[in-house]
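>>> using only what follows, build the 3D model:
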Amino acid sequence: MEKKYVIVEHPEYGYRHLSPIPSTEEVERFYREEFYSSRYGLCNDSSQEKQSEDRIFNHGRYEDICTILEGQLGSLQGKSLFDIGCGFGELLLFAQGKGMQVAGMEVAPEAVSFLQKKNISVFLSNIDTDFSHIVQEKRYSVVTLLNVLEHLREPARTLREIREQLLEPNGVLVVDVPNEFNPLQMAARDVLGLGEWWVAAPVHINYFTPVSLQRLLQACGYEVIDLLSSFPLELFLLMGDVYVGDNILGHQCHKKRVLFEENLRKAGKSAELRDFYRMLGNGGFGRQIVCFGKVDVYSMATPPKQIER
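Numbering: from 1, shown residues only. As a prediction, the model looks like this:
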């Protein structure tokens, strides 16, 4: 019998999550048996096929992240990066090309094996691992969690452990999560009768907005230094391209947003694109949220700053 979940708001941090939260055993079984299987292969952004298909698009995204990191850290040459949930290492390989020393951790044995054959240090882990037995007191300039935090049973614990065990004192945390229950989704749900199609139990346990993600990071001892979103795919729904449940149409809409970004980058407008996505993120719009944080020494001794809802 399929387990029933409801969505509730976390009483302390304000993000939404499944209730009941899936057990460790349920989560581990799902990732071991289903997440990288053919059932999820076509829609799983971590699959090797999907990463290869979207390489140019992803590299534009990684270039934006590196540009923001350079604004905080200076040259990335010789800096270190640890990617949690690194998949088949697209980000690690890109950062290595920037002269960074890279390492990561991943739940899929085939991905770990793939990267180890490329002489990249990657640790096989479970989805809610303790970092202490992996990192052995090594600290990193940058720690990234791209499409990871939504999967974790205890995201606050993970963020605190990163601050305490992984990140250098002046290092930067980069978190990328889906922007769920955003205004365009809610409008499409109400007007088109689509339901809350973005709720994906048990694979997505947590559901963040720009406000709730910042609130969580601040509560875990980080100062938010930048926040961007990505193209608001739900615009297509409200313009008549109802891609929910239609994989072919969904792929076509995705290709349009890819072309939008590629043309702006070709025109030398990458900085303007980042500013556009900052503006959208501040308004709560965009399909993804990417948030940059640094350890906030002041906040460790005082209550987190309040963010207006």
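>>> tally of neighbours for Glu262?
13 (other CB atoms under 10 Å). From N, CA and C alone the C-beta is placed, and that goes for glycine too.
>>> mind listing what's buried along the strand or helix carrying it?
Using DSSP states H and E, Glu262 maps to helix 247-266. Neighbour-count burial for helix 247-266 flags 250, 253-254, 257, 261, 264-265 (criterion: 16 or more other CB atoms under 10 Å).
>>> go on, stretch 186-205?
Using 16+ other CB under 10 Å as the test for burial, stretch 186-205 gives 188-189, 194, 198, 200, 202, 204-205.
>>> who touches that stretch?
3, 5, 7, 17-18, 21-22, 26-27, 30, 35, 40, 150-153, 178, 180-181, 185, 207, 234, 237-238, 242, 244-245 (CB atoms under 8 Å, 6 or more residues apart in numbering).
>>> now do the helix or strand Ala271 falls within: which elements does it pack against?
Using DSSP H and E, Ala271 sits in helix 270-282. Under the contact criterion of 3 or more CB pairs under 8 Å, 6 or more residues apart in numbering; DSSP states H and E, helix 270-282 touches helix 55-73, strand 222-229, helix 247-266.
>>> any idea how far the last one is from the chain center?
In this case it means helix 247-266. 20 Å (CA atoms, centre = their mean, to the nearest Å).
>>> what of stretch 176-188?
Counting by CA atoms, centre = their mean, stretch 176-188 comes out at 14 Å from the chain centroid.
>>> buried sites along it?
Within stretch 176-188, the residues that count as buried by 16+ other CB under 10 Å are 176-182, 184-185, 188.
>>> from those residues, pick the one nearest Phe88.
Closest approach between the buried residues of stretch 176-188 and Phe88, by CB to CB: Asp176, at 16.5 Å.
>>> what pairs with the closest one across the strands?
Beta-bridge pairing for Asp176 (DSSP bridges): Leu146, Val290.
>>> this structure: strands as residue ranges?
6-9, 16-19, 80-84, 101-106, 121-124, 140-146, 167-178, 206-207, 222-229, 288-295 (DSSP state E).
>>> for Ala271, which of these is the nearest?
Here strand 222-229 is closest among the strands of the chain (CB to CB), at 11.9 Å.
>>> who does the closest one pair with, and is each partner parallel or antiparallel?
Under the criterion DSSP bridges, strand 222-229 sits next to strand 288-295 (antiparallel) in its sheet.
>>> among the buried residues of stretch 176-188, which are located in helices?
Taking DSSP state H, the ones among the buried residues of stretch 176-188 that sit in helices are 184-185, 188.
>>> take those and lay them out in JSON lines including pLDDT.
Formatted as JSON lines, those follow (pLDDT from 0 to 100):
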{"residue": "Leu184", "pLDDT": "98"}
{"residue": "Gln185", "pLDDT": "98"}
{"residue": "Ala188", "pLDDT": "97"}
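>>> and of those residues, the nearest to Phe82?
Nearest to Phe82, judged by CB to CB, of those is Gln185 at 31.9 Å.
>>> separation between that closest one and Glu25?
31 Å (CB to CB, to the nearest Å).
>>> what's the answer for Val8, then?
22 Å.
>>> who has more neighbours, those two?
When Val8 and Glu25 are compared for neighbours, Val8 comes out ahead with 12 against 8, by other CB under 10 Å.
>>> and the closest residue to that one other than its chain neighbours, how close does it get to Val6?
In space, and not counting its chain neighbours, Val8 is closest to Ser19: 4.5 Å by CB to CB, 6 or more residues apart in numbering. Here the distance between Ser19 and Val6 works out to 5 Å (CB to CB).
>>> what is in contact with these two at once?
Residues within reach of Ser19 and of Val6 at once, by CB under 8 Å, 6+ apart: there are none.
>>> so if I had to pick from the two, which one is more boxed in?
Ser19 (12 against 9).
>>> surely that one touches His10?
No - in this structure, Ser19 is not within contact of His10 by CB atoms under 8 Å, at 10.0 Å.
>>> re earlier: in helices only, show me the contacts of stretch 186-205.
Those of these lying in helices (DSSP H): 26-27, 30, 40, 185, 234, 237-238.
>>> make a PyMOL selection of whichever of those turn out to be buried.
A single PyMOL command selects the buried members of the ones in helices among the contacts of stretch 186-205 (16+ other CB under 10 Å):
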select buried, resi 27+30+185+234+237
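>>> and the ones in helices among the contacts of stretch 186-205, which two are the farthest apart?
Spatially, the most separated pair among the ones in helices among the contacts of stretch 186-205 is Glu26 and Leu238, at 35.2 Å (CB to CB).
>>> looking at the protein, which helix or strand is least sure?
Least confident helix or strand, the chain: helix 38-41 with a mean of 46, by mean pLDDT, DSSP states H and E.
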